[in-house]
Each structure stands twice: as structure tokens, then as C-alpha cells.
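J.: here is my input, please return the structure:
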Amino acid sequence: MNKTTAPLEIGDKAPDFKLKDDADKEVSLSDFKGKTLVLYFYPKDDTPGCTKEACDFRDNYKRFQSKNTAILGVSRDSTDSHSKFKKKYNLPFPLLADEGGKMTEDYGVWLEKSMYGKKYMGIERTTFIIDPSGSIREIIRKVKVDGHSQDLLTKI
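T.: Numbers count the residues shown, from 1 in each chain. The predicted structure is shown next:
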């Protein structure tokens, strides 16, 4: 893997981004200044683990809101794919389309993976908690979907 930048660490400034969401609206990091942001990266819309993770965030959404916390999901799927996924599962938070892959690379979650002995590039399921000033407060790599949102609620 050719890594030109060091991996992000707790305390680092979160890399800025500007991407379209599921409603084709441009979203950037600065939109969340003054709020805590849960930024979660997932491999693919409408697959079993990703659906379970998204629905878990949906089911706890009001609890995150009560802690002045926004949620953003990010994958390399298209805005159209995100829109269908969001509608199918009634997701109340934006899904960002990183079709060009810049954001997943900036955040260090585009990695070599292995399945059935085959190596390929993909998103490693990772969640970042970004504080109201834009600094990374927590990084959870190789996320286990079960209980993930409840675990995050205890960290916010």
C-alpha cells in the first residue's frame, strides 16, 4: 500500500471534505462546526452488515441528537444508490457519496482487504468522532456492527 501521509490520530484536525449527499446537496465538514459529528465509513449500500449498522444509527438517532451530535455515513456508492438505501430503511441522516474516493483516502479507510484468499481494495468499516472544533476525538477501526452505536453514545 502506498501511503504518502501518516494515518490520522486522535487530536488531529479532521480532513475537510465537500461531497454530495443522497439528496444531491453539497455537504462539508464546516457545516457541523459547534456540533459533535459521528462520521462513519461503510463498504456498500444495502448489504447485510452496512444495513444493520445504518439501522442501528437510525434507531438511536434521537439519542445522538439529544447530545448535540450529527451523524454522516460515507461510502463510495453513488448519490442515487444512497437515495434508494436511505428511502428503503427510512434513514434520518445524510449519506455522502465519495465516488472519486478522495475522502476515504484522506481518512485512511481505503485499504487492501482480503476475502476468500483474494486481495482487493475497499473501505474498512471505521467511525470517527469529531469534536465541535473539528478535531478527531475518537477513531474506531474494524468496527463490529453489533452494539456500535450504543458504544459511541457512551463516548460522546
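
J.: got the CA positions of the helix or strand of the chain with the lowest mean pLDDT in PDB?
T.: One helix or strand of the chain scores below all others by mean pLDDT, DSSP states H and E: strand 110-115, with a mean of 90. The C-alpha coordinates for strand 110-115 follow below in PDB (Å, rounded to 0.1, in the frame of the first residue of the first chain):
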ATOM      1  CA  TRP A 110      -9.400   2.800   1.800                       C
ATOM      2  CA  LEU A 111      -7.300  -0.300   2.400                       C
ATOM      3  CA  GLU A 112      -6.300  -3.600   1.000                       C
ATOM      4  CA  LYS A 113      -8.700  -6.200   2.200                       C
ATOM      5  CA  SER A 114      -8.900 -10.000   1.700                       C
ATOM      6  CA  MET A 115     -11.900 -12.300   1.200                       C
END
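
J.: what does that strand rub up against?
T.: 1, 101, 104, 119, 120, 121, 122, 123, 124 (CB atoms under 8 Å, 6 or more residues apart in numbering). To be clear about C-beta, it is placed using only N, CA and C from the backbone, and glycine gets the same treatment.

J.: how about stretch 61-71?
T.: Contact with stretch 61-71 is made by 32, 35-38, 40, 57, 92-93, 132, 149, 152-153, 156, as judged by CB under 8 Å, 6+ apart.

J.: and with 7 Å instead?
T.: 32, 35, 36, 37, 38, 57, 92, 93, 153, 156 (CB atoms under 7 Å, 6 or more residues apart in numbering).

J.: ends of that stretch, how far apart?
T.: Using CA to CA, to the nearest Å, one end of stretch 61-71 lies 8 Å from the other.

J.: list the buried ones in that stretch?
T.: By neighbour count on 16 or more other CB atoms under 10 Å, the buried set for stretch 61-71 is 61, 64, 69, 70, 71.

J.: again, but for stretch 101-108
T.: Within stretch 101-108, the residues scored as buried using 16+ other CB under 10 Å are 103, 104, 105, 106, 107, 108.

J.: one step back: filter the contacts of strand 110-115 down to the buried ones.
T.: Counted by 16+ other CB under 10 Å, the contacts of strand 110-115 give 104, 122, 123, 124 as buried.

J.: centroid residue for the protein?
T.: In the chain, the centroid-proximal residue (CA atoms, centre = their mean) is residue 40; its distance is 2.0 Å.

J.: just give the number of residues close to the closest residue to that one other than its chain neighbours.
T.: Leaving aside its sequence neighbours, residue 40 sits nearest to residue 127 (CB to CB, 6 or more residues apart in numbering; 4.4 Å). For residue 127, the count of nearby residues is 24 (other CB atoms under 10 Å).
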